[in-house]
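next comes the sequence, and after it the predicted model I'd like to discuss.
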2 protein chains.
Amino acid sequence: MKLATIKNSTRDGQLVVVSRDLATAVAVTQIAPTMQAALELWPEVQSPLNEISERLNAGREFGAFAFDPVNCMAPLPRAHQFVDASAFLNHGDILERAYKVSVKKMPGIPVLVQRQSDAFLGPCDDYPFPTESDDADFEGEFAAILGDVPMGTRAEDAEGHIRLLTFLNDVSMRAHMLRELGMGFGFIQTKPATVFAPVAVTPDELGAAWRGGRIHHDLRITRNGAWFGHPNGREMDFSFGELIGHLAYNRRLGAGTVLGTGTVSNKAYLQVGSACLAEQRAAEMITHGEARTSFIRFGERLRFEVLDSQGQSVFGAIDHQMVQALGM
Amino acid sequence: MKLATIKNSTRDGQLVVVSRDLATAVAVTQIAPTMQAALELWPEVQSPLNEISERLNAGREFGAFAFDPVNCMAPLPRAHQFVDASAFLNHGDILERAYKVSVKKMPGIPVLVQRQSDAFLGPCDDYPFPTESDDADFEGEFAAILGDVPMGTRAEDAEGHIRLLTFLNDVSMRAHMLRELGMGFGFIQTKPATVFAPVAVTPDELGAAWRGGRIHHDLRITRNGAWFGHPNGREMDFSFGELIGHLAYNRRLGAGTVLGTGTVSNKAYLQVGSACLAEQRAAEMITHGEARTSFIRFGERLRFEVLDSQGQSVFGAIDHQMVQALGM
């Protein structure tokens, strides 16, 4: 089943079921008006939503309309919790080598950071930022959206609480990063609004590409239409289940928690490219002694997409322009 | 005007207006069913809620019932954003002296940390935690609840976006703190659920005690019925407006953002006491060469309250017991 949220006059938008080929969608107000409502009532709504999904895929759902990602908000336009991991250790390793810094990681303990979740952006929304001197960057990540997770849930039992999978662009302002990391308290000005793919899907939609608590798909990224990278999600050093187990150690997680993987990164980054400029720049520093890739300027366009083995877009594309914030 | 949220069968509870003396309350479903709804619709609901508040204070509101904090959830039982500051620099200074560590602060830039906001606890709810060896502690803090704040709002314009003030107990598990701070990404296992006072009030309810973007009241804390501390909010090194200005630099803040001050701490801590065990222990290390105050054991009871100049409780009391999590 594939779900999305369409813009309307509310902050939480309109929940829709989307067809597998992303061609059509149908509103499901009678079952759950919003994604948050669906996640809270999942045991009751899963089956009726699935029935609609099956009829929609068969072309037999009354009220279906053409699905257009331009009209989408983030699948969950705002959440009560967004935790981002740094689950691809390769990404951090490259940056630590290039910048000659060291994050004091503990073996077997994942790095996670609480993030703001009050205002996510949709896949095609313009992304305003105040100044190019903030060194704007993107980070392509996979993400899970969770149901209720009881306190003390262990890693091996955690995957059953994953309701949906998607991907996101964790927009990052690198000029603030070392200052904020150096204080120890995570990110404020480094990480403004996060951008989400138009569609979130139940894990079964991924078939064999969902195994071991990892998404075995390439995340394909272009910058102004040119290939930038296509690292694969399979190299995650911690599974989603392991991340959830760490989070739920001493508290319950409310339905609608969004859990990001951190920048997708592969050991073969020189061949497959990177999912963010900082990693690409770090690789250049290691190889050439200097960073050659520039940070994002006003007007640049970024695109992220995941294709399955038949070439079908799984989650739809993030395709958005970075623009100057008005009046700043 | 004073507002609270009463437990019902939903995750967001029932919004009520509470009388100034905290004796009575009345449901306001017809105006806004939940605190989140009220914050989103504030310009429209403020005046009707104020009218109810005035009638309630005059003893003329039909449907009023006895107000009991035991039935309260947090005023906002879950939020889309919770940012906690460390705005009393004195607190950090004492800890840094005792532990001989140094946080790389930048002059004039406040320390803020994104926190989880998916499941706050009510003022009298039992607080379950898995093991005493996590070194459980409390942190008494003041907090603001915000309306919508546009991107780029400056500190001098920010106070007008504060809708409500309250206080909280930022429960902290010290055994995880140095590990998590050392990584740079803020808190996960160090800071499980946060506990809120029963009542949040509009700034005008504080009269002269609300000035300079600071709450000029003592936060009175007892541990198992014995005085622990009563530091005053006036010594905040950054005003609420300055904290909001920093947060809104490159993104808008959604209505319902909760902003904590960090542990209330005064220069005269040897006289007025502290708002957390870690600070008390640090003071003991400085004075006696060793920490003498123990962390919290299962069964201990904590109480936090703010009294105005007439001895009237402003926000009601947090009065809760720390208990062993079941099945862990």
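Perfect, I can see it now. No experiment lies behind these values; they were computed from the predicted model shown. Numbers count the residues shown, from 1 in each chain, chains lettered A, B, ... in the order given.

give the residue spans of the stretch 201-328 of chain A that score low on pLDDT.
Residue ranges of the stretch 201-328 of chain A with pLDDT under 70: A:327-328.

pull up the residues of it that are close to chain B.
A:246-247, A:249-254, A:256-257, A:325, A:327-328 (CB under 8 Å from any CB of the partner chain). For glycine as for every other residue, the C-beta is placed from the backbone atoms N, C-alpha and C.

ok, residue A:45 touching residue A:39?
No. In this structure, residue A:45 is not within contact of residue A:39 by CB atoms under 8 Å, at 9.0 Å.

between those two, tell me which one has more neighbours.
residue A:39 (24 against 17; other CB atoms under 10 Å in any protein chain shown).

which helix or strand contains the more buried one?
Using DSSP states H and E, residue A:39 sits within helix A:35-40.

helices or strands up against that helix?
strand A:2-6, strand A:14-18 (3 or more CB pairs under 8 Å, 6 or more residues apart in numbering or on different chains; DSSP states H and E).

anything in the helix or strand following it near chain B?
On the C-terminal side of helix A:35-40, the nearest following helix or strand under DSSP H and E is helix A:42-57. No. On the criterion CB under 8 Å from any CB, helix A:42-57 is out of touch with chain B, staying 13.5 Å away.

for stretch A:80-94, same thing?
Yes. Using CB under 8 Å from any CB, stretch A:80-94 reaches chain B at A:80, A:81, A:83, A:86.

which other residues reach stretch A:203-212?
Contact with stretch A:203-212 is made by A:1-2, A:20, A:162, A:164-165, A:215-217, A:234, A:239, A:308-309, A:314, as judged by CB atoms under 8 Å, 6 or more residues apart in numbering or on different chains.

return the set of buried residues in that stretch.
A:203, A:205, A:206, A:209, A:210 (16 or more other CB atoms under 10 Å in any protein chain shown).

from those, pick the one nearest residue B:120.
Using CB to CB, residue A:203 is the member of the buried residues of stretch A:203-212 that lies nearest residue B:120, at 29.6 Å.

chain B: which of the helices and strands packed on helix A:35-40 is closest?
Nearest of the helices and strands packed on helix A:35-40 to chain B, taken as CB to the nearest CB: strand A:2-6 at 14.8 Å.

report the closest residue of the stretch 1-150 of chain A relative to chain B.
residue A:118 (3.3 Å).

and the closest residue to that residue other than its chain neighbours, how many neighbours?
Nearest residue to residue A:118, sequence neighbours excluded (CB to CB, 6 or more residues apart in numbering or on different chains): residue B:254, at 3.3 Å. When neighbours are counted by other CB under 10 Å, residue B:254 registers 24.

list the contacts for residue B:254?
Counted by CB under 8 Å, 6+ apart, residue B:254 has contacts A:11, A:78, A:118, A:119, B:80, B:81, B:148.

so which residue is smack in the middle of chain A?
Closest to where the C-alpha atoms of chain A average out (CA atoms, centre = their mean) is residue A:168, at 2.5 Å.

residues in a beta bridge with it, which ones?
residue A:141, residue A:196 (DSSP bridges).

pretty sure it contacts residue A:198?
No. Using CB under 8 Å, residue A:168 is not in contact with residue A:198, being 11.3 Å away.

so what's in contact with these two at the same time?
residue A:318.

need the nearest residue in space to residue A:276, chain neighbours excluded.
Nearest non-adjacent residue to residue A:276, counting by CB to CB, 6+ apart: residue A:139, 4.4 Å away.

quick check: phi and psi at that neighbour.
Per-residue torsions, residue A:139: phi -140, psi 110 (degrees, to the nearest 10).

number of nearby residues for it?
Neighbour tally, residue A:139, other CB under 10 Å: 25.

wait, isn't it in contact with residue A:169?
Yes. Using CB under 8 Å, residue A:139 is in contact with residue A:169, at 6.8 Å.

residue of the stretch 201-328 of chain A closest to chain B, please.
Ranked by CB to the nearest CB, the top residue of the stretch 201-328 of chain A for proximity to chain B is residue A:254, at 3.3 Å.

where does residue A:21 land in three-state SS?
The assignment at residue A:21 comes out as coil when based on DSSP: H, G, I helix; E, B strand; the rest coil.

OK, contacts around it?
Residues near residue A:21 by CB under 8 Å, 6+ apart: residue A:312.

ok, now how distant is it from residue A:314?
Residue A:21 is 11 Å from residue A:314, where distance means CB to CB, to the nearest Å.

what does the stretch 51-200 of chain A put close to chain B?
A:78-81, A:83, A:86, A:103-106, A:109, A:111-119, A:128-130, A:134, A:151-152, A:173, A:179, A:181-189, A:192-193.

can you do 6 Å?
Residues of the stretch 51-200 of chain A lying near chain B by CB under 6 Å from any CB of the partner chain: A:78, A:80-81, A:103-104, A:111-119, A:129-130, A:152, A:181-186, A:188-189, A:192-193.

restricted to strands, list these.
A:112, A:113, A:114, A:115, A:129 (DSSP state E).

please name the bridge partners of the fourth one.
If I follow you right, that is residue A:115. residue A:82.

repeat for the last one
Each beta-bridge partner of residue A:129 is listed here, defined by DSSP bridges: residue A:324.

quick check: residue A:11 vs residue B:151, distance?
Counting by CB to CB, the separation of residue A:11 from residue B:151 is 16 Å.

is the closest residue to residue A:159 other than its chain neighbours within a helix or a strand, and which one?
In this structure, residue A:159 finds its nearest non-sequential neighbour in residue A:241, 4.4 Å apart by CB to CB, 6+ apart. Assigned by DSSP H and E, residue A:241 belongs to helix A:240-247.

just checking, what packs against that helix?
With contacts defined as 3 or more CB pairs under 6 Å, 6 or more residues apart in numbering or on different chains; DSSP states H and E, the packing partners of helix A:240-247 are helix A:155-158.

now do the contacts for residue A:118.
Counting by CB atoms under 6 Å, 6 or more residues apart in numbering or on different chains, residue A:118 makes contact with A:78, B:80, B:81, B:254, B:257.

show the contacting residues for the last one.
Listed by CB under 6 Å, 6+ apart, the contact set of residue B:257 reads A:118, B:81, B:146.

hang on, the last one packs against residue B:161?
Yep, that's residue B:146 we're talking about. Yes. Residue B:146 lies in contact with residue B:161 (CB atoms under 6 Å); the separation is 5.3 Å.

what about stretch A:262-276, start to end distance?
11 Å (CA to CA, to the nearest Å).

could you do stretch A:216-231 as well?
In terms of CA to CA, the two terminal residues of stretch A:216-231 are separated by 10 Å.

who touches that stretch?
With CB under 6 Å, 6+ apart as the test, stretch A:216-231 has contacts from A:140, A:209, A:232-234, A:264-266, A:272-275, A:300-301, A:303-306.

pull out the buried residues from it.
A:216, A:217, A:218, A:219, A:220, A:221, A:222, A:223, A:228, A:229, A:230, A:231.

and what of stretch A:296-308?
A:296, A:300, A:302, A:303, A:304, A:305, A:306.

enumerate every residue touching the last one.
Residue A:306 makes contact with A:217, A:219, A:314, A:315 under the criterion CB under 6 Å, 6+ apart.

again, but for residue A:113
Residues in contact with residue A:113 (CB under 6 Å, 6+ apart) are A:84, A:186, B:185, B:186.

so which strand or helix has the first one?
When you say that, I think you mean residue A:84. Assigned by DSSP H and E, residue A:84 falls in strand A:82-85.
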